[in-house]
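S.K.: Sequence and predicted model, in that order:
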Amino acid sequence: MGAGPVKRSLLDKVLGRTPTSGLTKVRNGSEIVYELHGIDAEPVEQAFIHALEKRFPEPWAATRALISYLDSGVMDVKLRGYERDGNPEPTWRAEVLFSSRGGQTRVAAMAAAHWFSMWCRRGRDGAIFCESAITFDAHGPMNVYDEFFVPLGRFGYGRLMTAECAAIEDENEDTPWSWCQSVEIDPSMEEAMTIAHLDHHAVRDAIESLPYGVCLCQWCSPKFDTSSVEWLFGK
């Protein structure tokens, strides 16, 4: 079944579909996946950006950078139905995707998905998508609630990561293990930092001193003192 011209109905207008919308059907193992094409993401994208601007009347520099990313047409909305063998009725859900631009803005895409999930959880403007699968690119659903981010000034947000690391105190004793914290920065921002002659090691040392297991984005930690890290990035 392929996409083709269709008359613009009331449902088309509600879903933001174009007149060339259509339905495709693909079998994937024991599952049939239906996809409705031609959904216009811009109304959802602009409503989301408006909600962020309303929530952050005094946005941090990192927040301004992320909103700028969102305002560049990186959102896509899919309406998909999943039908398993033996079940004649497909289960439909909206899927919201954010482009990582070939991996160059992967962290920004993850941060955008993180905020979109928060917007949905509020059950207001984003209520229609509260059961959405929120993804970045085509890498599948992610647990955006458990992702932690840190503001990096005009360079946007970094993704905080924790892992076990060895703290070698004495070669003759058993090596104790502790938690280390690091930051993932988008390749595009890494390049910008290099051009700005920033010390990447100093950035990572500062990140190591931050609280563990806490998301420090403006949505989750609005009272976080951004100066504790933003001094590294200048004006």
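M.R.: Received it, and whenever you're ready, just let me know what you need.
S.K.: what about the closest residue to residue 207 other than its chain neighbours, distance to residue 162?
M.R.: Spatial nearest neighbour of residue 207, chain neighbours left out: residue 183 (4.4 Å); criterion: CB to CB, 6 or more residues apart in numbering. Placement of C-beta: from N, CA and C, glycine included. From residue 183 across to residue 162, the span is 11 Å (CB to CB, to the nearest Å).
S.K.: Those two: which is more packed in?
M.R.: More neighbours surround residue 183 than the other of residue 183 and residue 162, with 22 against 12 (other CB atoms under 10 Å).
S.K.: That one - that's part of a strand, no?
M.R.: Yes: with DSSP: H, G, I helix; E, B strand; the rest coil as the criterion, residue 183 is part of a strand.
S.K.: which residues touch it?
M.R.: Remark: with contacts taken as CB atoms under 8 Å, 6 or more residues apart in numbering, residue 183 is in contact with 150, 152, 158, 159, 160, 161, 203, 204, 207.
S.K.: what is the residue nearest to residue 207 paired to in the beta sheet?
M.R.: residue 160 (DSSP bridges).
S.K.: how close does it get to residue 45?
M.R.: Using CB to CB, one gets 27 Å for the distance from residue 183 to residue 45.
S.K.: all strands for the chain, in order.
M.R.: With DSSP state E applied, the chain shows strands at 23-28, 31-36, 75-84, 91-98, 133-136, 148-151, 157-166, 177-184, listed in chain order.
S.K.: The ones you listed: lowest mean pLDDT?
M.R.: Note on these: strand 133-136 shows the lowest mean pLDDT, a mean of 55.
S.K.: For burial, what's the neighbour tally of the nearest residue to residue 27 once chain neighbours are set aside?
M.R.: The shortest distance from residue 27 to any non-neighbouring residue, by CB to CB, 6+ apart, is to residue 33 (7.8 Å). Per other CB under 10 Å, the neighbour tally for residue 33 reads 14.
S.K.: can you check the one 10 residues further on too?
M.R.: Close neighbours of residue 43, defined as other CB under 10 Å, add up to 12.
S.K.: Next one: it relative to residue 29, how far apart?
M.R.: From residue 43 to residue 29 the distance is 34 Å (CB to CB).
S.K.: Below-threshold pLDDT in the chain: ranges please.
M.R.: Applying pLDDT under 70 to the chain flags the ranges 1-21, 122-146, 163-180, 199-201, 204, 233-235.
S.K.: wait, what's in contact with residue 71?
M.R.: residue 49.
S.K.: Distance check, it against residue 28.
M.R.: In this structure, residue 71 and residue 28 are 34 Å apart, going by CB to CB.
S.K.: ditto for residue 151
M.R.: According to CB to CB, residue 151 and residue 28 sit 40 Å apart.
S.K.: Can you pick out the residue with more neighbours from these two?
M.R.: Neighbours were counted for residue 151 and for residue 28 using other CB under 10 Å; residue 151 has more, 25 against 8.
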